[in-house]
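1. turn this into a model:
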Amino acid sequence: MKKNNSKDKSLQSSAARRAFLKGAAATAGIMTLGGRLPGAEAAEVLWKNPRRVQRAAASQLDSGVRVTHSVCLGCNARCGNRIVVKDGILESISGNPYHPYNSQAEPVPYSMPVAETLSRSSSVCGKAIDAPNYVYNPYRLLKPLKRAGKRGAGKFEPIEWEQLIREVTHGGRLFAHLGETGEIEGLKALDSDEPIEPKAPELGSKRNGFVMITGRLQTGRKAIIDRFVKAAMGSVNRIGHTDICGLGFRMGNFALTDQEQVELKADPWGAEYILAFGANIYEAGQPGVNTYGAAVAKRNSAGKVKFAIVDPRAQNASVHAEDWVPIKPGQDGAFAMGLIRWIIENKAYNREYLTAPNPEAAGAKDYACYANATHLVIDDPAHPNNGKFLRLSDIVSADSAGETFVVLADKDGLPTAYDQVNEAVLDREQRCRMRLAKISG
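-> Okay, here's the model as predicted:
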């Protein structure tokens, strides 16, 4: 039976570890002293001044440079950029002090000469700063790529733009050189007014078989894409980024403001409490971290605003948040409805604001928009408009009644057009005699 030498091995291991740590400490000490080892070659190996190896990027204060101004599309915030170009090469990027997103909403006036602003600091996020790496990345695609092997093989070859346009337009046996005999239709096959499906005319013509899914439709880009998809091809199927991203957020704002606005956010300079659902205010969002996130962080450190984060992930802003709610994915709606119920049951709402039934009434009370909380809703399963807002035309037969919303004007419960009163009843259930609706079909 062999003697157990685990103790001896442990002692040997500890000794070896101490020797390694001593060596590491000695090496660290040498590096701290500037990497001075015996011999010039050893010192050169250990230490290279990066500024001697690589030239620093030109700045806007250098001579022989051209300073231009643009807008960053690294995200949808569209902050301003100030770009430094030297010898035709993009050198560096900083913020544009004339743009409100780069100056905490306090930009310099346009009347100030550019030369006087070159020494000013103007923030921009890392996405913009990294733009030169996008432009000069050796792996940046400059030509279209066509499959050069079996599907899934990951093999592609560059082709000219003229070939791409020809093949996408006319189709054909585009992969015959790979031994594939399949015929691929081009856009030309969709240039027809024949129905996609005669038994389903609602699908429209074959032109609607062309679907284009785009990125963010910034100003100018949308007009060009619509000109191609809708005007030239005749298809209705142009699907924008908003349709699969921020549509719910924007439609909520659209309904709240009576179809006037789609972009509403908590005021970072005036709000006292912000509840952020999945909004990474220190990392992304609009109007960008340079503006929104920076303003919230600054005011939070001064005790002027508190905020809570509702997100499965403890994002960076969670460090300063009053609360972090690690919501389970898909339960945001239930959580929001729970908040609303608590607010209603505990009467923790702004009654003055909610009882203003129209824009003028809300404006008179110094509110930027009004709420439809007082607008009556049809609660009759037998009515064709059940669940929708009650309209004046539902209770008055006059042709001039129109689609005006209806509220209860006073405690007597008199139904009135919403734009004829300055205050309406907020919480009451009441039966209204409605005229018989015409149902066609």
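
2. secondary structure class of residue 168, three-state.
-> Local secondary structure at residue 168 is given as helix here, using DSSP: H, G, I helix; E, B strand; the rest coil.

3. give me the neighbour count for it.
-> 14 (other Cβ atoms under 10 Å). All C-beta atoms are positioned from the backbone trio N, CA, C, and that covers glycine.

4. just the pLDDT for it.
-> pLDDT for residue 168: 95.

5. again with residue 141
-> 92.

6. ok, now the one 10 residues further on?
-> Turning to residue 151, the model gives it a pLDDT of 92.

7. shouldn't residue 387 be within a helix?
-> No. Going by three-state DSSP, the assignment for residue 387 is coil, not a helix.

8. would you mind stating the distance between it and residue 254?
-> Residue 387 sits 19 Å away from residue 254, taking Cβ to Cβ, to the nearest Å as the criterion.

9. equivalent analysis for residue 101, please.
-> 23 Å.

10. residue 358 too?
-> 17 Å.

11. what's the burial count for residue 202?
-> 7.

12. and it, backbone torsions?
-> phi -60, psi -20 (degrees, to the nearest 10).

13. report the contact partners of it.
-> Residues in contact with residue 202 (Cβ atoms under 8 Å, 6 or more residues apart in numbering): none are found.

14. okay, it: pLDDT?
-> On pLDDT, residue 202 comes in at 94.

15. domain ranges for the protein, per the record?
-> 17-52, 66-135, 191-263, 265-345, 357-420 (automatic domain parsing).

16. turn the ones you listed into CSV, including distance to residue 164.
-> Output for those, formatted as CSV (distance: least, Cβ to Cβ, whole Å):
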stretch, distance to residue 164
domain 17-52, 42
domain 66-135, 22
domain 191-263, 15
domain 265-345, 33
domain 357-420, 48
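
17. worst mean pLDDT among the ones you listed?
-> Least confident of the domains of the chain, judged by mean pLDDT, is domain 17-52 with a mean of 50.

18. which residues does stretch 236-256 contact?
-> Contacts for stretch 236-256 (Cβ under 8 Å, 6+ apart): 204, 208, 210-217, 222, 225-226, 229-230, 261-264, 369, 371-372.

19. let me redo that: stretch 336-348
-> By Cβ under 8 Å, 6+ apart, the list of residues contacting stretch 336-348 from outside reads 277, 349.

20. in what helix or strand does residue 222 lie?
-> helix 221-226 (DSSP states H and E).

21. quick one: strands adjacent to the next helix or strand after that helix?
-> Once the chain leaves helix 221-226, the next helix or strand it forms, by DSSP H and E, is strand 238-239. Strand 238-239 has these partner strands in its sheet, going by DSSP bridges: strand 212-213 (parallel).

22. who touches the partner strand?
-> Contacts of strand 212-213 (Cβ under 8 Å, 6+ apart): 225, 228-229, 235, 237-239.

23. same thing but 10 Å
-> Here strand 212-213 makes contact (Cβ atoms under 10 Å, 6 or more residues apart in numbering) with 225-226, 228-230, 233, 235, 237-241, 243-244.

24. relative to residue 133, which of those residues is nearest.
-> residue 241 (23.6 Å; Cβ to Cβ).

25. got phi/psi on the closest one?
-> According to degrees, to the nearest 10, residue 241 has phi -60, psi -40.

26. please say which of residue 101 and residue 254 ends up with more neighbours.
-> Remark: of residue 101 and residue 254, residue 101 carries more neighbours, 25 against 16, as counted by other Cβ under 10 Å.

27. test my guess that the more buried one contacts residue 286.
-> Yes. Using Cβ atoms under 10 Å, residue 101 is in contact with residue 286, at 8.7 Å.

28. quick one, strands of the stretch 251-400 of the chain?
-> Using DSSP state E, counting those that start in this stretch, the strands found in the stretch 251-400 of the chain span residues 273-277, 306-310, 323-325.

29. distance-wise, check the closest residue to residue 135 other than its chain neighbours relative to residue 292.
-> Distances taken as Cβ to Cβ, 6 or more residues apart in numbering place residue 90 nearest to residue 135, at 5.5 Å, with adjacent residues excluded. Separation of residue 90 from residue 292 (Cβ to Cβ): 27 Å.

30. deepest-packed of the strands of the stretch 251-400 of the chain, please.
-> strand 306-310 (a mean of 21; mean count of other Cβ atoms under 10 Å).

31. what about that strand, distance to the chain center?
-> 19 Å (Cα atoms, centre = their mean, to the nearest Å).

32. what does stretch 266-280 give?
-> 15 Å.

33. cool, and stretch 127-137?
-> 20 Å.

34. neighbouring contacts of that stretch?
-> Contacts for stretch 127-137 (Cβ under 10 Å, 6+ apart): 57, 70-75, 77, 79-84, 89-95, 102, 124, 140, 284, 288-290.

35. thinking again about what came up before, who's more crowded, residue 90 and residue 292?
-> residue 292 (24 against 16).

36. list the contacts for the more buried one?
-> Residue 292 neighbours (Cβ under 10 Å, 6+ apart): 77, 101, 104-105, 265-266, 268-269, 279, 281-282, 284-286.

37. hmm, try it at 8 Å
-> Residue 292 touches 265, 268, 281, 285-286, counting by Cβ under 8 Å, 6+ apart.

38. for residue 405, same thing?
-> 357, 372, 375-376, 389-392, 417-419.

39. cool, and residue 227?
-> Contacts of residue 227 by Cβ under 8 Å, 6+ apart: none found.

40. now the strands for the stretch 101-250 of the chain?
-> 145-147, 156-158, 212-213, 238-239.

41. turn these into a markdown table, including mean neighbour count and distance to residue 306.
-> Shown next, in a markdown table, are these (neighbours: other Cβ atoms under 10 Å; distance: least, Cβ to Cβ, whole Å):
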| stretch | mean neighbour count | distance to residue 306 |
| --- | --- | --- |
| strand 145-147 | 14 | 50 |
| strand 156-158 | 12 | 52 |
| strand 212-213 | 13 | 40 |
| strand 238-239 | 16 | 39 |
